[in-house]
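1. Pasting the sequence and the predicted model now:
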Amino acid sequence: MTGRGAMEQGEHGCKSRIEWTGNRGQGTASYRGYDRTWDIAVPGKVVVHCSNDPLLGGDPARMNPEDLLLSALSACHMLWFLHLASSTGIVVHSYADTPLGIGRSAPDGSGQFVRAVLRPRIGLARMADAARADALHHEVGGYCFIARSVNFPVAHEASYHPAEAAAAGNRAGTDMRPDSFAL
């Protein structure tokens, strides 16, 4: 970007609005006197209500920045994997990931992700080449916008199982409750 938002050749823009919703009436007059809640609003999309990490006083029922980054990384990887699989004739019937991000906090309160592990469980058509599918995960890193933007290593520990075609949107056998995720 140059100047006041003009884009150069090959660039594209993404818009978002972040609005703090945690003012209890006194603003930030005291450290414990305000909530760490906020909303994400992207034009034309559903508003996402968020909070700080529970370790830092946030609401554990809401998404936090770390959740969002890890989810974006996993989703971007998944979408590129599906694209590459389709392009190479590998038929994928299901894909569910339980990624793990490892962070480190410093004594001054600052922190960062130091690595992430994507752990997709992928249902392939019965005759699909699982070794070739596995190799695609390494190719994805060259395309995924999010993976190319982070400064920590991202590993892949995919597992595969034979799967039959399922009805559109069918998540049979996929438990998406957060308490069902193994770390």
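-> Yes, it's here.

2. SS state for the most centrally placed residue in the chain?
-> What sits nearest the mean C-alpha location of the chain, by C-alpha atoms, centre = their mean, is residue 71, with 1.4 Å. Reduced to three states with DSSP: H, G, I helix; E, B strand; the rest coil, the structure at residue 71 is helix.

3. list the contacts for it?
-> Residues touching residue 71, when contacts are defined by C-beta atoms under 8 Å, 6 or more residues apart in numbering, comprise 63, 99. From N, CA and C alone the C-beta is placed, and that goes for glycine too.

4. And it, how close does it get to residue 115?
-> Distance, residue 71 to residue 115, by C-beta to C-beta, to the nearest Å: 16 Å.

5. on contacts alone, who are the packing partners of the longest strand along the chain?
-> Of all segments of type strand in the chain, defined using DSSP state E, the longest is strand 111-118. Helices and strands touching strand 111-118, by 3 or more C-beta pairs under 8 Å, 6 or more residues apart in numbering; DSSP states H and E, are helix 65-87, strand 100-105, strand 154-156.

6. With mean pLDDT and distance to residue 146 added, can I get those in JSON lines?
-> Formatted as JSON lines, those follow (pLDDT from 0 to 100; distance: least, C-beta to C-beta, whole Å):
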{"stretch": "helix 65-87", "mean pLDDT": "97", "distance to residue 146": "4"}
{"stretch": "strand 100-105", "mean pLDDT": "95", "distance to residue 146": "12"}
{"stretch": "strand 154-156", "mean pLDDT": "96", "distance to residue 146": "9"}
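
7. For those, give me TSV that also has distance to residue 147.
-> Shown next, in TSV, are the helices and strands packed on strand 111-118 (distance: least, C-beta to C-beta, whole Å):
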stretch	distance to residue 147
helix 65-87	6
strand 100-105	13
strand 154-156	6
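
8. Go through these and name the closest to residue 48.
-> Judged by C-beta to C-beta, the one of those that comes nearest to residue 48 is helix 65-87, at 8.2 Å.

9. Compute the inter-axis angle for the closest one and strand 100-105.
-> Computed by axes from the mean of the first three to the mean of the last three C-alpha atoms, to 10 degrees, the angle separating helix 65-87 from strand 100-105 equals 150 degrees.

10. Pull helix 65-87 out as CSV, backbone CA atoms only.
-> Once non-C-alpha atoms are left out, helix 65-87 reads as follows in CSV (Å, rounded to 0.1, in the frame of the first residue of the first chain):
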residue,chain,number,x,y,z
PRO,A,65,-7.0,-13.2,19.2
GLU,A,66,-5.0,-16.4,19.6
ASP,A,67,-8.1,-18.6,18.8
LEU,A,68,-8.7,-16.4,15.7
LEU,A,69,-5.1,-16.6,14.4
LEU,A,70,-4.8,-20.4,14.9
SER,A,71,-8.3,-20.9,13.3
ALA,A,72,-7.3,-18.7,10.3
LEU,A,73,-4.1,-20.6,9.8
SER,A,74,-5.9,-23.9,9.9
ALA,A,75,-8.7,-22.8,7.6
CYS,A,76,-6.4,-21.3,5.0
HIS,A,77,-4.4,-24.5,5.0
MET,A,78,-7.5,-26.6,4.7
LEU,A,79,-8.8,-24.6,1.7
TRP,A,80,-5.5,-24.8,-0.2
PHE,A,81,-5.2,-28.5,0.6
LEU,A,82,-8.7,-29.1,-0.8
HIS,A,83,-7.9,-27.1,-3.9
LEU,A,84,-4.6,-29.0,-4.5
ALA,A,85,-6.3,-32.3,-3.8
SER,A,86,-9.0,-31.5,-6.3
SER,A,87,-6.5,-30.4,-8.9
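
11. Fine by me, thanks again.
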